[in-house]
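Colleague: just coords:
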């Protein structure tokens, strides 16, 4: 599984050793020598996983992790803290700071690759659900209400299960459901849904790994995170369960405080994916809205244009159309990244809204193209409004995400007027040709389409 890894360590030899292992497996590695550089690179590079050293000067790994998880541009990127500190309190401190996992130095290469692959799968699930243009984390992500979370402990009845159940109830304020045998599991999962499964090292009548595999294969439970309690000295099994999609594991007997911290992490992640999935499904009911800018999509904009032209053929007067094309967006994407290109698109959309006063319908009809419909507007007024919009876009630089700074942006605008018998497709085509002419003439200008023959 390929991906991009941000490797953060103030010691160059440590970075070289780990980067060599990762590159040999086909990963692209980006390196940072301190916490501030890591935060900037996380925002600009958008890696799939961050491997973060704990002991660094000025800003240590705990504080760096906290900064990454509180920033809307990097909060969803998994962080693995790599440390020579073996004390349980350091692991708990890191988990509470938002770390997704820990690796101890000297690290095991197989363990490193297993963790990276597991976290990349999780990250890409979230990436598919993320709404483009999000500028703030979903409410409650960093401090969610977990009291309503539904958790099932699958573990043979006994003193150990009772102790874990009591710890979960104390931490979450709600007693988890319990199943001690394979024949109980089907009935429990058929009756209710859960946000997390905790599988113990023993289950009556079943192998815990087989139970995890069945849960992952069942469409009703495959998206529910699984945490397993594995016997001591079972690293091979740990790699296997991570590879099959188990979210996390601890060794038996589990430290209650660390286990609760890991369970909280998985529940926060589950709440995030549920919220993103719900927002995506809600968005399907309004396919006419571009999710990045909030403007009309091409389909809806063309329908609006057709309706405006029909109204204009009556008493509403002429309809002007502006095709607005962002200049040099592809080089911006290549030089600064897709996130920078999205920031430019969002900024241009906002400036068009603000500057094109008067009757207006605005849509995004391509990656870098906008359509403005100006009902009741003749050619002279349309040209004036187009110039106003062009100047507004170019007046101030666009702030790019991360350390890229600011960038001046311009647009080329094509103007066309819809006649009494014009179709939406004809008017749009003429305005696009005019915008292309504006680009050919040097960009950052307005061009008027020729009248139809």
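Modeller: Structure received. Given the structure is predicted, the values throughout are model-derived calculations rather than measurements.
Colleague: can I assume residue 103 sits in a strand?
Modeller: Yes. Assigned with DSSP: H, G, I helix; E, B strand; the rest coil, residue 103 falls within a strand.
Colleague: mind checking how far it is from residue 117?
Modeller: Taken as Cβ to Cβ, to the nearest Å, the spacing of residue 103 relative to residue 117 amounts to 14 Å. Every residue, glycine included, has its C-beta placed from N, CA and C.
Colleague: show me where pLDDT drops low in the chain?
Modeller: Along the chain, the parts satisfying pLDDT under 70 run over 1-2, 85-87, 128-147, 277-287, 313-316, 402-403, 453.
Colleague: Contacts for the helix or strand where residue 439 lies next, please.
Modeller: Applying DSSP states H and E as the criterion places residue 439 in helix 424-440. With Cβ atoms under 8 Å, 6 or more residues apart in numbering as the contact definition, helix 424-440 has outside contacts at 302, 305-306, 309, 319, 321-325, 327, 365, 369, 371, 412-418, 445-450, 452.
Colleague: Run the chain-centre distance for the longest helix seen in the chain.
Modeller: If you go by DSSP state H, the chain has its longest helix at helix 256-284. Here the centre of mass of C-alpha atoms in helix 256-284, compared against the chain's by Cα atoms, centre = their mean, to the nearest Å, lies 13 Å away.
Colleague: Tell me what angle the helix or strand just after that helix forms with helix 424-440.
Modeller: Using DSSP H and E, the helix or strand that directly follows helix 256-284 along the chain is helix 298-311. Relative orientation of helix 298-311 versus helix 424-440 (axes from the mean of the first three to the mean of the last three Cα atoms, to 10 degrees): 110 degrees.
Colleague: residues of helix 298-311 that come out buried?
Modeller: Of the residues in helix 298-311, those buried by neighbour count under the rule 16 or more other Cβ atoms under 10 Å are 298, 300, 301, 302, 304, 305, 306, 308, 309.
Colleague: Kindly report the same for stretch 106-118.
Modeller: 107, 111, 112, 113, 114, 115, 116, 117, 118.
Colleague: Off-centre distance for it?
Modeller: Remark: stretch 106-118 is offset 24 Å from the chain centroid, using Cα atoms, centre = their mean.
Colleague: And the helix or strand containing residue 183, what does it pack against?
Modeller: Secondary structure here is read from DSSP H and E; on that basis residue 183 sits in helix 182-191. Judged by 3 or more Cβ pairs under 8 Å, 6 or more residues apart in numbering; DSSP states H and E, helix 182-191 is in contact with strand 151-154, strand 177-179.
Colleague: re earlier: what's the closest of the buried residues of helix 298-311 to residue 354?
Modeller: Checking those against residue 354 with Cβ to Cβ, the nearest one is residue 301 at 18.7 Å.
Colleague: Alright, I will stop here.
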